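Student: predicted model, plus sequence, below.
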Amino acid sequence: MSMEVVLEVENLTKTYKRGRTEIVKALDEINLKLYEAEMILLYGPSGSGKSTMLNLLSGLDTPSSGSIKFLGKEISKFSEKDLTNLRRKYVGFVFQSWELIPNITALENVEIPLYPSNLSSAEIRTKSSSLLKRLDLLDREYHYPGELSGGEQQRVALARALVKEPKVIFADEPTGNLDQATGDMIMRMLKTICRQGTSIIIATHNEELKEYADRVIRLQNGKLMS
Ligand SMILES: Nc1ncnc2c1ncn2[C@@H]1O[C@H](COP(=O)(O)OP(=O)(O)O)[C@@H](O)[C@H]1O
Ligand SMILES: [Mg+2]
């Protein structure tokens, strides 16, 4: 079975200026391939360049040099507009804070990424609702975030990241604010989603997440160690 390469990174470098003269190499000549339905754990201490890497691979930021091919397209030279389209179509984000919009329902929070769309609002509702059902939240559809437990809020946020059926999910310290049991639940769900075909990169300094990954890559001072 030949697996599709979803992301291919060559000699990726990102430098930042710190103050007037100091230059920080946040990423230093990174080479990496991400395959379809693969879960990579990007592991490294704080400041090693994990978030910078996710920002570049997802087109939220642009590299200083090097190449990023997303589904075969070189995105490092994409315009802001093309990057926005790419993210809309192919990318799901999961962040440490899992923030939902407080004054709309769980269901509406999940629907938001689908607008604007060619789908009718009824289709969008059905799609979002069935996803909440899959995450065992059907009876919470019309609840506001403030009426949900922490674990339920995280599952709604996960549904929001999944509703577009992204090609890749980028998760930055997804278990950072969670207790062990909720963190394990979220990781198991991500793993299931991955097995159904979505590629996932998880940035973390939490060693315990290693057991879930297909591949662990270690980042230190902007360099890949393995
Ligand atoms: N916008 C920025 N401006 C200047 N330096 C930055 C910026 N973003 C990150 N850095 C620096 O790049 C390095 C990597 O940061 P980051 O990617 O956030 O690491 P991690 O996510 O692993 O904690 C750090 O030294 C950090 O201080
Ligand atoms: Mg970070």
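Tutor: Right, received. Where do you want to start? Ligands and ions are numbered 1, 2, ... in the order given.

Student: near ligand 2, which residues of the chain?
Tutor: Contact residues (C-beta under 5 Å from the ion) of the chain with ligand 2: 50, 51. In short, each C-beta sits where N, CA and C put it, glycine included.

Student: where do the strands sit along the chain?
Tutor: With strands called from DSSP state E, the chain shows them at 5-18, 22-35, 39-43, 65-70, 73-74, 91-94, 168-172, 199-204, 215-220, 223-224.

Student: going by mean pLDDT, which of those comes out lowest?
Tutor: Among the strands of the chain, strand 91-94 carries the lowest mean pLDDT, a mean of 89.

Student: about what we covered before: quick one: closest of the strands of the chain to residue 139.
Tutor: Residue 139 lies closest to strand 91-94 among those, at 23.4 Å (C-beta to C-beta).

Student: check which helices and strands that closest one is in contact with.
Tutor: Other elements packing on strand 91-94 under the criterion 3 or more C-beta pairs under 8 Å, 6 or more residues apart in numbering; DSSP states H and E are helix 150-162, strand 168-172.

Student: could I get the strands of the chain as a markdown table with mean neighbour count?
Tutor: A markdown table is the format used below for the strands of the chain (neighbours: other C-beta atoms under 10 Å):
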| stretch | mean neighbour count |
| --- | --- |
| strand 5-18 | 16 |
| strand 22-35 | 17 |
| strand 39-43 | 23 |
| strand 65-70 | 18 |
| strand 73-74 | 10 |
| strand 91-94 | 21 |
| strand 168-172 | 23 |
| strand 199-204 | 24 |
| strand 215-220 | 17 |
| strand 223-224 | 18 |
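
Student: between those strands, which gets nearest to residue 102?
Tutor: For the strands of the chain, the distance to residue 102 is smallest for strand 91-94, at 18.8 Å, taking C-beta to C-beta.

Student: quick one: the closest one to chain centroid distance?
Tutor: Centre-to-centre, strand 91-94 and its host chain are 4 Å apart (C-alpha atoms, centre = their mean, to the nearest Å).

Student: what are the pairing partners of that strand, and which direction each?
Tutor: Strand pairing for strand 91-94, determined by DSSP bridges: strand 168-172 (parallel).

Student: got the angle for the strand it pairs with vs helix 150-162?
Tutor: 140 degrees (axes from the mean of the first three to the mean of the last three C-alpha atoms, to 10 degrees).

Student: could I get strand 168-172 in CSV with only the CA atoms?
Tutor: In CSV, the C-alpha atoms belonging to strand 168-172 read as follows (Å, rounded to 0.1, in the frame of the first residue of the first chain):
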residue,chain,number,x,y,z
VAL,A,168,-4.5,17.7,8.5
ILE,A,169,-5.1,18.6,12.1
PHE,A,170,-2.5,20.6,13.9
ALA,A,171,-2.8,20.3,17.7
ASP,A,172,-0.6,22.6,19.9
